[in-house]
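Sequence plus the predicted model coming up.
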Amino acid sequence: MKMWAGRFQKEIDREVNDFNSSISFDKRLYRQDITGSLAHAAMLSEQGIITKDEAAEISRGLLEIMAEIEADDSILSADAEDIHMNVEALLTQKIGDTGKKLHTARSRNDQVALDMRMYAREETKNIRAEVLKLLSALVKLAGEHTSTVMPGYTHLQRAQPITFSHHLMAYAQMFMRDVTRLNDAYARMDEMPLGSGALAASTFPINRESVAKKLGFSDITKNSLDGVSDRDYLLELTSAISIIMMHLSRFSEEVILWCSSEFSFIELDDAYSTGSSIMPQKKNPDIAELVRGKTGRVYGSLIALLTMMKGLPLAYNKDMQEDKESFFDAADTVKMCLSIFTPMLETMRVKADNMRKAASGGFTNATDCADYLAKKGLPFRDAYKVVGGLVHVCIERGCGLSDLTVDELKTYCPLFSDDVYDAISLDTCVGERKAMGGPAPESVKRQIEIMSGFLKAQSDIL
Ligand code: ARG
């Protein structure tokens, strides 16, 4: 028999019952639901809406139910539709009529809004902790490779030499912004909605601030219609998650390239690679590929949530039950990806010699050669043209710019002299790019310092 049976003449159709039920996926909210109910019951008794004894009985019952669900969640049933009604039904079974008083001055719309905010807050902290771990790993690895020269690319064509540290710290910047995005999302979701009622608050003398305080919220929602209808915070968090996945996916793409024998910049640890069922020589970067692949499904969740919300009139609509699977999947996926990506990086072998060799080819010093002439007074556009001609000659001969003699160089431009070789050496090309933000060892050391400061400051937040 349904909780709402009074209004109905017949039982719900079996299939409709299952279609309507969310317990199979919202059961993971049991802790938030019960914790919210404990705070609500305590507030009801503080306000004299139920007695102290009733609140104590309700609390005892709820705590027992929490332990029972933890031990075996098969006590939850699809017939009770969702986690909120399951907990209430179990409570009434356990303590009798007093259990029926828990739902005074409260609605399920209220409850689901509260539970999801509490769950989202926890997940924000969990995801953030994983991103911070990845950031620490990046900073450590970058610290070991401030002098490891590699080619920097544009259009996946070798462009200018950089350091591996610089490349890693570029990702560190992205993940740092991800942390601050999560912090921002947290600040906005940190409002307690309970007391919004079904949509129009309550006639009981409730104390919403007290509930907020008990549950560790820094504020309460200010409009009851919005309180039960708002899922912005989930959209915002899922957007932040999607951006994290996008960053992880780009990084994964590079890891995959770097593992190929064409690049051969890194080798992943055996524990983070897989073999082929037929080709004995294969060592595949499946982890990175899966992270790249899973990014698509997280974007799918974001689009599902945005689309689900876009046509809903105020206030609650059952469509909103669909927020759960999408959000849960996005949060689970990003946590799993982060927790496996970080040790994959920590255990990989960096092939510094190959990186350097790749940086020495591909005319990554051509810009520096043009800059050399420009520094001697030739307008940069003219210098660019001279060096373009030199590159053409070198390609035909299969050599590099520094293989040309000074005498030959002088025939292209009289400004060339012996000091050109030093000016276009790999170490000068990297070492002189020391402006803040550049790839030179001294510049990346500064970047690492700033990032370490950020990490230290973050340990005190949330
Ligand atoms: N299971 C529902 C959800 O996830 C809870 C709220 C139900 N409220 C209602 N009026 N049917 O959205």
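It's in.

which parts of the helix ranked longest in the chain are buried?
Across the chain, the helix with the greatest residue count (assigned by DSSP state H) is helix 108-144. Buried residues in helix 108-144, counted by 16 or more other CB atoms under 10 Å: 108-121, 123-124, 127-139, 141-143. All C-beta atoms are positioned from the backbone trio N, CA, C, and that covers glycine.

swap in stretch 315-335?
If you call a residue buried by 16+ other CB under 10 Å, then stretch 315-335 has these buried ones: 315-316, 320-324, 326-331, 333-335.

what's the answer for stretch 80-100, then?
By neighbour count, and taking 16+ other CB under 10 Å as the criterion, the buried residues in stretch 80-100 are 80-92, 94-95, 98-99.

Which single residue of the stretch 301-450 of the chain approaches the ligand most closely?
Closest contact between the stretch 301-450 of the chain and the ligand, by CB to the nearest ligand atom, is at residue 321 (3.6 Å).

residues contacting that residue?
Neighbour list for residue 321: 22, 26, 82, 112 [criterion: CB atoms under 8 Å, 6 or more residues apart in numbering].

Near the ligand, list only the ones from the buried residues of stretch 80-100.
residue 82 (CB under 6 Å from any ligand atom).

So which residues of the stretch 351-462 of the chain form strands?
In chain order, the stretch 351-462 of the chain shows no strands, with DSSP state E, counting those that start in this stretch as the criterion.

Where does it get nearest to the ligand, residue-wise?
Proximity to the ligand, evaluated over the stretch 351-462 of the chain using CB to the nearest ligand atom, is greatest for residue 462 at 26.2 Å.

Spell out which parts of the chain neighbour the ligand.
Within the chain, the residues that sit near the ligand (CB under 6 Å from any ligand atom) are 22, 26, 82, 108-109, 112, 316, 318, 320-321.

In the residues you listed, find the pair that's most separated.
26 and 316 (14.7 Å; CB to CB).

Looking at the backbone only, give me phi and psi for the residue of the stretch 301-450 of the chain closest to the ligand.
Per-residue torsions, residue 321: phi -60, psi -20 (degrees, to the nearest 10).

Could you do residue 266 as well?
For residue 266, the backbone dihedrals (degrees, to the nearest 10) come out as phi -140, psi 160.

count of residues packed around it?
20 (other CB atoms under 10 Å).

Name all residues that make contact with it.
Residue 266 neighbours (CB under 8 Å, 6+ apart): 255, 258-259, 348-351.

Give me the pLDDT value at it.
In the prediction, the pLDDT value recorded for residue 266 is 97.

swap in the one 4 residues further on?
As predicted, residue 270 sits at a pLDDT of 90.

That one: what's it in contact with?
The contact partners of residue 270, by CB under 8 Å, 6+ apart, come to residue 283.

can you check residue 370 too?
Remark: with contacts taken as CB under 8 Å, 6+ apart, residue 370 is in contact with 380, 383-384, 386-387.

quick one: which of these is most hemmed in?
Each of those was scored for neighbours by other CB under 10 Å, and residue 387 scores highest at 24 neighbours.

before we move on, the earlier item: redo the contacts of residue 266 as JSON lines? Include distance to residue 170.
As requested, the contacts of residue 266 are arranged in JSON lines below (distance: CB to CB, whole Å):
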{"residue": "255", "distance to residue 170": "14"}
{"residue": "258", "distance to residue 170": "14"}
{"residue": "259", "distance to residue 170": "19"}
{"residue": "348", "distance to residue 170": "17"}
{"residue": "349", "distance to residue 170": "21"}
{"residue": "350", "distance to residue 170": "16"}
{"residue": "351", "distance to residue 170": "20"}
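
Highest neighbour count among these?
residue 255 (24 neighbours).

I appreciate the help and will end here.
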